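Novice: Attaching a predicted model along with its sequence, questions to come.
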Amino acid sequence: MSRRAKWLIRLCMLLNLLGLLMFFMGLAMIPSLLFALWDHSADLEGLSTAAGLSLSIGTILFVLFRPLVRGVTIGHREGFLITGLGWLAAGLVGALPFWFYAHLAPDGICEGPAVVGRDFCSFTNAAFESISGFTTTGASIITDGLWGSPGYTPDGRIGLPRGIMFWRFVTHYLGGMGIIVLGVAVLPLLGVGGMQLFKAEVPGPTTDKLVPRVGETAKLLWKVYLLFSALLFLLLTGGGMDAFEAVCHAMSTMATAGFSTRAASVGGFDNAYFEWVIIIFMFIGGMNFTLHFMALRGRFRPYAQDPEWRVYTALLIIAAFTIAGALYNGPSGMTFGESLRKATFQSTSIMTTTGFTSADYELWTFAPMAIFVLIILMFVGGMAGSTSGGVKVVRHMLLFKLWFRELFFLAHPRAVRRITLGGSAVAPEIIRALTAFIACYLALFVIGGAFFCLDGQDPFTAFSVSMASLGNVGPAFAEVGPADNYEFLSDASKWVSSGLMIMGRLEIFTILILFTRSFWRR
């Protein structure tokens, strides 16, 4: 087979799988469309148009190219290409409901006096919101439209209508476990292997297979994901939260994402019970889902045996009590119990890159240690194999071991000492990948911050945007603090921020490899 023929087959395979992705995106829009139908709200035309386009174009691409790629397997390079383009396509297709809502609403959002939804008149804004959702970053461009208490009416004048609001959380939920991992459970049924996609998408330096077949692995992970989500929903509704808001926050929490129906995020409920319940499930969402699967089968010992889990838990406990002490000893007037609750919520939210807020922590200037700890946590992240973003705890553990080994070699230059984790030696190629990842992560953080500075932002805001985007955190400091949003950024900055979100979500190298000459060579 000639080189050109091989590339044509790869192109057909790519279009076939992107068509399948668009089809499932259209299906995912149907629950939001049902809310719009039930409420007869202004987002009905936008959601129906977006769903219709996604379903029809997806079906055409899948049916048209499927016969040409039947039996073709996905290779190593194709896996990276499909993963990168798949996430970009998901973000762009996911922007359609927002954009069509603004332009097709009967009350003329973009031309008329309406304020709610006007942010989505710009496709850049719609794409930013969608990409932020799928990457579970939780950064938003909405300046007016999030609910108060409750702040919702079917005509959408007080807040965004339920259909378009629900779509924001659907993007979170699909992105949390990984829209490509969802596809892995389906691809084996179509005769296309999915292990390459699984390796390219699953966060963390290693991929744990729960069962021999990767499709079954993806299904089991989704079952665990759905089970915890259902349990959280029951606990929130049992505590008095409205069912719609409960399902939205359950989806956002388990995805460690950060979108909220409320303008003041979880703090808008002013409910200690809700905060403690969400703290527990943010903690669960930031853990390796392989451990959850084992626990559901009655094996709880792996939690304690996992060195990453021990460090992850210890870091959160230390951070929470450090921040609580700083708040309690300051002039905040909080009791120690309230200080501990706010500190535990914010430290868990930031470290797991969820991005919920229960208080405006930028007002904690009287407790600089609390601000310092939160900044450090933004660079930590959750565990490998979790839905959280960031560097991941295990990488920090290996980095510290590497530092101590180098100090040991200075004192004992002839010694031989291997780095171990959990009693097992870490392969040299993992150490090599670790150092490359950390260096690349810091370089992108600096480059992103420099770009935002050149685009007119003050240095603190610029590097906050870079840090929050690359780490998939969402809220940060300065102009993108917990009480602010990203709407003020220029279109160029929003696209750069979106690019950092995707690179951070896909562990950087999955995207960067697409820009190398060696990737495209035969």
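Specialist: Thanks, I have the structure now.
Novice: what ranges do the strands span in this structure?
Specialist: In the chain, the segments counted as strands under DSSP state E are 420-421, 424-425.
Novice: helices and strands around the first one, which ones?
Specialist: What that stands for is strand 420-421. helix 393-411 (3 or more C-beta pairs under 8 Å, 6 or more residues apart in numbering; DSSP states H and E). Every C-beta, even on glycine, is put in place using the N, C-alpha and C of the backbone.
Novice: which residues touch the helix it packs on?
Specialist: 204-205, 307-308, 311-312, 315, 380-384, 415, 417, 419-421, 426, 430-431, 434-435, 437-438 (C-beta atoms under 8 Å, 6 or more residues apart in numbering).
Novice: neighbours around the closest residue in space to residue 244 that isn't next to it in sequence, how many?
Specialist: Excluding the flanking residues, the one nearest residue 244 by C-beta to C-beta, 6 or more residues apart in numbering is residue 162, at 6.3 Å. Other residues lying near residue 162 total 24 when counted by other C-beta atoms under 10 Å.
Novice: how about the residue positioned nearest the centre of the chain, what does it touch?
Specialist: Closest to where the C-alpha atoms of the chain average out (C-alpha atoms, centre = their mean) is residue 136, at 2.0 Å. Applying C-beta under 8 Å, 6+ apart to residue 136 gives the contacts 172, 175-176, 255-258, 353, 387-389, 472, 505.
Novice: if I pick the closest residue to residue 77 other than its chain neighbours, what's in contact with it?
Specialist: In space, and not counting its chain neighbours, residue 77 is closest to residue 519: 6.3 Å by C-beta to C-beta, 6+ apart. Residue 519 sits next to 77, 80, 513 when contact means C-beta under 8 Å, 6+ apart.
Novice: Which of the residues you listed scores worst on pLDDT?
Specialist: Lowest pLDDT within these is found at residue 77 (75).
Novice: ok, that one to residue 84 distance?
Specialist: Distance of residue 77 to residue 84, computed by C-beta to C-beta, to the nearest Å: 11 Å.
Novice: ok, these two, which is more surrounded?
Specialist: Counted by other C-beta under 10 Å, residue 77 and residue 84 do not tie: residue 84 has more neighbours, with 22 against 17.
Novice: right, and the more buried one touches residue 511 too?
Specialist: Yes - using C-beta atoms under 8 Å, residue 84 is in contact with residue 511, at 5.2 Å.
Novice: Pull up the overlap in contacts between these two.
Specialist: Counting by C-beta under 8 Å, 6+ apart, the shared contacts of residue 84 and residue 511 are residue 502.
Novice: Thought residue 141 was touching residue 125, still the case?
Specialist: Yes - using C-beta under 8 Å, residue 125 makes contact with residue 141 at a distance of 4.6 Å.
Novice: Between those two, which contacts overlap?
Specialist: With C-beta under 8 Å, 6+ apart, residue 125 and residue 141 have common neighbours 119, 487, 494.
Novice: Can you list the low-confidence ranges for the stretch 401-522 of the chain?
Specialist: Where the stretch 401-522 of the chain drops to pLDDT under 70, the residues are 522.
Novice: one step back: for the contacts of helix 393-411, which PyMOL command selects only the ones that are buried?
Specialist: Restricted to buried positions by 16 or more other C-beta atoms under 10 Å, the PyMOL selection for the contacts of helix 393-411 reads:
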select buried, resi 204+205+308+311+312+315+380+381+382+383+384+419+426+430+431+434+437+438
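Novice: So which of the contacts of helix 393-411 belong to helices?
Specialist: 307, 308, 311, 312, 315, 430, 431, 434, 435, 437, 438 (DSSP state H).
Novice: for the last one, what are its contacts?
Specialist: Shown in contact with residue 438 (C-beta under 8 Å, 6+ apart): 391, 395, 399.
Novice: Show me just the buried residues among those.
Specialist: 391, 395, 399.
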